[in-house]
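Engineer: Prediction below, plus the sequence it came from.
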Amino acid sequence: MAQEELKSINFMGWRKTIGAISILLLLVSIVSLAVNGLRLGLDFTGGTQIEVGFAEPANLGEIRTLLVEQGLENPTAVYFGSETEVLIRTQGAMQDGALVLIGNRLEALEPGAQIVRVERPAAGQAGLSQVIVLDGVSAAQVRDTDIFDRTYFGNVEFAQVEDGLAVTLENSLDVAYTNRLLTALSEHANTDVELRRSEFVGPQIGEELRDEGGLGMLVALFLVMLYIAFRFQYKFALGAVAALIHDVILVLGFFSLFQLDFDLTVLAAVLAVIGYSLNDTIVVFDRIRENFRLVRRGSPKEVVNFSLTQTLERTLITSLTTLLVLVMLFLFGGELINNFATALIVGVLVGTYSSIYVSANTLLALHIDREDLIPPPKEGEEQEELVP
Amino acid sequence: MLNRYPLWKYLLILLVVVFGFVYASANLYAPDPAVQISGQSSGMDIDERVLRRVERALEQAGIDYFGAEADGSRAQIRLNTADSQMRAQRYIQEELGDDFIVALNLAATTPRWLERLGASPMRLGLDLAGGVHFLMEVDTAAAIHRRQEINSDAMRARLRDERIRYSSVSVGDDNVVIGRFRNADLRDQALRELRREYQNLEFSTEDPQSEGASYRLNAVLSDTAVREIEDYALSQNLVTLRNRVNELGVSEPVVQRQGRSRIIVQLPGVQDTAEAKRIIGKTANLEFRLEALPDSLVSMRDEFEFRSESDAGRTAELERQVILTGDHVANASSGFDHETSQPQVNITLDSAGGAMMHRATRGNIGRRMGVLFIEYRTTFETRENEFGEEVQVPVQEADRRIISLATVQAALGVQFRITGLDSPAEASELALLLRAGALAAPMYFVEERTIGPSLGAENIQMGVTSVKWGLALVLLFMLLYYRAFGVIANIALTVNLVLLIAVMSLLGATLTLPGIAGIVLTVGMAVDANVLIFSRIREELKAGSPPQSAIAAGYDRAFVTIMDANITTLIVAIILYAIGTGPVQGFAVTLSIGILTSMFTALLVTRSMVNLAYGGRRNLQKIWI
């Protein structure tokens, strides 16, 4: 490998300028994260979302009004992939919406009437799922209305208990309410609707996932740093981690800036970006280490430039093939996987760039030198193979 | 120099690749939707006669079917679509009646020889197959509270027996049992007594801070005891849930523990969430009743059958009045009587249950008490809906059977035992049933996801399309860029994909949408190792090395880099698996396996091909790279 001169692209010549750009992008991301925050998906916030397929394009504004009328708290409705797919989201559980609706209708039926509590049916009431206890209203009054419509609730039994009227339902509130909502949507839009997917995530789950996700990223960074410090040297570890943090913040910043949904799959994508970017960085570092040992001349900056030039082809080709499949995933993978693909595309672009500029830049900033890698660890095997 | 592998190495690589193809090929055979019929009890014959009835029912309903087969203990009928599968289930159940269990099933279409090798297709996750996913939180705090209440009841009884006077014994906040005493002497006596009795409690004392306050004794559960209660509550709920899920007749349900207090339930193919929730969220199903007196009114008693097969046909009459239900059963375990070494079952009730039991039994010593185990079965009933159409409505039917009928020897309280059992096996069976019928701790739904079947099918479609296009573009690019070596890399990439699918099938991994994304990503990244090697070879050639040594040096130099790069990525994938749940884990598994298989194909498979193609040529002047 001892060539006469080190023919290379002067990557590090612009390191200050590029470093400044990186810092600027980081600042933009951090500011956006601080101001806008991430638009966390259902996995992290908890709540309910249902995906409804309409036979004809749906009108979002009307759907929102209808949802509020039906008692949903802060509902949102957005198109999901096409104008016939609508994703409806609300903060609480579907049961909350059902209780609001029933409460409103009871109040209208008999002022002062209200829901006292909701409980599970007693043992022996086989085949029934929930008991809802009402106050200030009689069985006869409620029976005449469609508040507990049998189409949705199935069998309904009324009984007087100590603190009010106990209504035992065959279908639980949330199930009945979802079906009712679908019928209302169908009637309103005057077209067939289909429940394509429904998800409910409890608030505690969301919180746990947030914690675990953050913790996972930190653990990943730490272990990776440890491995590199062991295999290379601590300056390399710092360089790699600087690149990883850079990538993660930029991807998060991108999601914050464009207010894309950040859910569990996107978190997986961010972690995959860590893996990918690391892959790139290690390949570059490997060359830098090798060249420091083999090439006895040249300043650290020259050695780094030379190494980057050597690995440039590989860096670009791998990024290109990965991007090819990711773009395919983005185009054909469907709405559910869209944000996942977006995160990876941004991540691969940023990761490619950071393996050239951020990690190597950090190395130079830390004054990496030949001495850092001497005495070289046993590499006898490689030396032998050098004999042409 | 020459690049050659010894023969065994070629053979080994070939063997692995062939294995990969064989095991991956199982995925070409998608399972048929099917309906499986078995008897309510194991003694029933499911033979050609039953099958003919089923076939007639299906023909009448106009449902196409094929591959009907019966083997004496169960029958299976394959259908064309998942939609007709559900309709068929309903019609068959209606035709055969309640003595038969009719369950949805997926019938393998893998050829016999593949099956014999243990090859089976990958299971599809809910996002691809459609179905329901529940995450249940077991309220372990409630179980712990209940245990402390039982403890405080027992302590009171103990202190009374030992004639140690106390002011009060109760459960305070944070599940501490607090005993209050008039003076320090009584308190210390109680402490000595109780400490011996309750090894799993940690005792501490508190002297009064002000005039008039009492001397306190605090007892908290040790960490191990808390863990034990949690484990117990969870495993008991798991058993209960499994029993209930089996009632639903779903093929391949998943009921799994997750973490310290959660249980995942996944029911592929189920669309009726209402039905699933009702069965899963069901209350306890045990009843304790006294045996009816011979002269009691007919309207006051019910006749029940025994549950065990050895007692088939035997019945007993019990009072209609229920003493208590499974809600009050805190624990049941099998063991032996210390004196007679006879098998027995120990039952612990909660304090309310103990009081009820005491009230019911103290005046009835010498009578027999029966324990009923309640199982629910779902049948379909024809009802008229609001449009006057006839619809099939699922109706739950309770099936009560006696699991124990024993003579009351004394007034029973919080703790009692059932003796006179024939064998230890019978005792543990009874304890298991008691536990399954009891509700260890309340559960509630913390996560619920339903994916419609059409969405699942679309997801598969989209996943396959993106894999196809991604793979095609990468293959094309590699071919154009590396020419002859591109062909080699492409073969390796294809082999990699096959191996990845084979390993996933072998491990029994579940394929999910993120899993497909992982496969796509692997396709993109798998070429990396080859790119690294080929770049090295090109460099060596440029530096003037002859082709043969350039190839050798390229592979050797790239090896270290590939190892370092892949090990770090593997670390990330493992962390992803550790912290993730469901979909994220699916992605992590695919990614990890992909890393391993891509290293194998990039380093060994391509090398063997290069060696075969070029390795033996002494005068190799030029290679197409």
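Structural biologist: On my side now, so go ahead.

Engineer: Enumerate the positions of the helix or strand where A:Glu290 lies that are buried.
Structural biologist: According to DSSP states H and E, A:Glu290 maps onto helix A:264-294. Buried residues in helix A:264-294, counted by 16 or more other C-beta atoms under 10 Å in any protein chain shown: A:264-293. Heads up, the C-betas are built off the backbone N, CA and C, glycines and all.

Engineer: With stretch B:304-319 instead?
Structural biologist: Across stretch B:304-319, burial judged by 16+ other C-beta under 10 Å covers B:304, B:306-307, B:316-319.

Engineer: For it, measure first residue to last.
Structural biologist: Using C-alpha to C-alpha, to the nearest Å, the end-to-end distance of stretch B:304-319 comes to 11 Å.

Engineer: tell me the mean pLDDT over that stretch?
Structural biologist: Average pLDDT, stretch B:304-319: 82.

Engineer: filter the buried residues of helix A:264-294 down to the ones near chain B?
Structural biologist: Among the buried residues of helix A:264-294, the ones lying near chain B by C-beta under 8 Å from any C-beta of the partner chain are A:264-265, A:267-268, A:271-272, A:274-276, A:278-279, A:282-283, A:286-287.

Engineer: returning to that earlier point: got the angle between whichever helix or strand comes after the helix holding A:Glu290 and helix A:264-294?
Structural biologist: The helix or strand immediately downstream of helix A:264-294 is helix A:300-332, counting by DSSP H and E. Following axes from the mean of the first three to the mean of the last three C-alpha atoms, to 10 degrees, one obtains 150 degrees for the angle between helix A:300-332 and helix A:264-294.

Engineer: Please, which helix or strand holds the residue nearest the centre of chain B?
Structural biologist: Nearest to the geometric centre of chain B sits B:Val255, at 2.6 Å (C-alpha atoms, centre = their mean). Here B:Val255 is covered by strand B:254-258, with elements defined by DSSP H and E.

Engineer: Could you do B:Glu137 as well?
Structural biologist: strand B:131-138.

Engineer: If we go by neighbour counts, what in stretch A:293-313 is buried?
Structural biologist: By neighbour count with 16+ other C-beta under 10 Å, stretch A:293-313 contains the buried residues A:293, A:295, A:298, A:300-312.

Engineer: just checking, A:Ala139 touches A:Leu165?
Structural biologist: Yes. Counting by C-beta atoms under 8 Å, A:Ala139 does reach A:Leu165; the two are 5.7 Å apart.

Engineer: These two: who's more crowded?
Structural biologist: When A:Ala139 is set against A:Leu165 and neighbours are counted by other C-beta atoms under 10 Å in any protein chain shown, the residue ahead is A:Leu165, at 20 against 15.

Engineer: Could I get the full set of helices for chain A?
Structural biologist: A:15-35, A:42-45, A:60-69, A:94-109, A:139-143, A:150-153, A:173-189, A:203-231, A:234-257, A:264-294, A:300-332, A:335-356, A:358-365, A:380-385 (DSSP state H).

Engineer: Can you confirm whether stretch B:90-99 lies near chain A?
Structural biologist: No. For a cut-off given as C-beta under 8 Å from any C-beta, stretch B:90-99 has no contacts with chain A; the smallest distance is 14.9 Å.

Engineer: model confidence over that stretch, on average?
Structural biologist: The average pLDDT for stretch B:90-99 rounds to 79.

Engineer: Widest-spaced pair of the buried residues of stretch B:304-319?
Structural biologist: Using C-beta to C-beta, the two most remote members of the buried residues of stretch B:304-319 are B:Arg307 and B:Glu319, lying 18.7 Å apart.

Engineer: sorry, back to before: hmm, the strand holding B:Val255 in reach of chain A?
Structural biologist: No. Judged by C-beta under 8 Å from any C-beta, strand B:254-258 stays clear of chain A, getting no closer than 10.8 Å.

Engineer: Mind listing residues that contact that strand?
Structural biologist: Residues from elsewhere that reach strand B:254-258 (C-beta atoms under 8 Å, 6 or more residues apart in numbering or on different chains): B:135, B:234-235, B:238, B:241-242, B:245, B:263-267, B:581.

Engineer: mind running it again at 6 Å?
Structural biologist: Residues outside strand B:254-258 that contact it (C-beta atoms under 6 Å, 6 or more residues apart in numbering or on different chains) are B:241-242, B:245, B:263-266.

Engineer: next one: it to chain centre, how far?
Structural biologist: In this view, strand B:254-258 has its centroid 4 Å away from the chain centroid, taken as C-alpha atoms, centre = their mean, to the nearest Å.

Engineer: Name the next helix or strand downstream of it, please.
Structural biologist: Sequence-wise, the next helix or strand downstream of strand B:254-258 (DSSP H and E) is strand B:262-268.

Engineer: when you compare where that next one runs with where strand B:131-138 runs, what's the angle?
Structural biologist: What separates the directions of strand B:262-268 and strand B:131-138 is an angle of 160 degrees, with the same axes, to 10 degrees.

Engineer: The strand holding B:Val255 pairs with which strands, parallel or anti?
Structural biologist: Strand partners for strand B:254-258, identified by DSSP bridges, are recorded as strand B:262-268 (antiparallel).

Engineer: Same question for stretch B:22-37: list its buried residues.
Structural biologist: Going by 16+ other C-beta under 10 Å, stretch B:22-37 has these buried residues: B:23-27, B:29, B:31-37.

Engineer: tell me which parts of the stretch 151-300 of chain A are close to chain B?
Structural biologist: A:151, A:171-172, A:175, A:196-202, A:205, A:212, A:216, A:219-220, A:223-224, A:227, A:231, A:264-265, A:268, A:271, A:274-275, A:278-279, A:282-283, A:286 (C-beta under 6 Å from any C-beta of the partner chain).

Engineer: Tell me the confidence at the closest residue to A:Ser277 other than its chain neighbours?
Structural biologist: Excluding its sequence neighbours, the residue lying closest to A:Ser277 (C-beta to C-beta, 6 or more residues apart in numbering or on different chains) is A:Gly351, at 3.2 Å. Per-residue confidence (pLDDT) for A:Gly351: 92.

Engineer: what number of residues lie near A:Gly351?
Structural biologist: A:Gly351: 31 surrounding residues under other C-beta under 10 Å.

Engineer: ok, it touching A:Tyr276?
Structural biologist: Yes. Using C-beta atoms under 6 Å, A:Gly351 makes contact with A:Tyr276 at a distance of 5.3 Å.

Engineer: So which elements touch the longest helix seen in chain B?
Structural biologist: The longest helix of chain B (DSSP H) is helix B:453-507. For helix B:453-507, the packing partners by 3 or more C-beta pairs under 6 Å, 6 or more residues apart in numbering or on different chains; DSSP states H and E come out as helix A:300-332, helix B:7-25, helix B:126-129, helix B:513-542, helix B:582-600, helix B:606-610.
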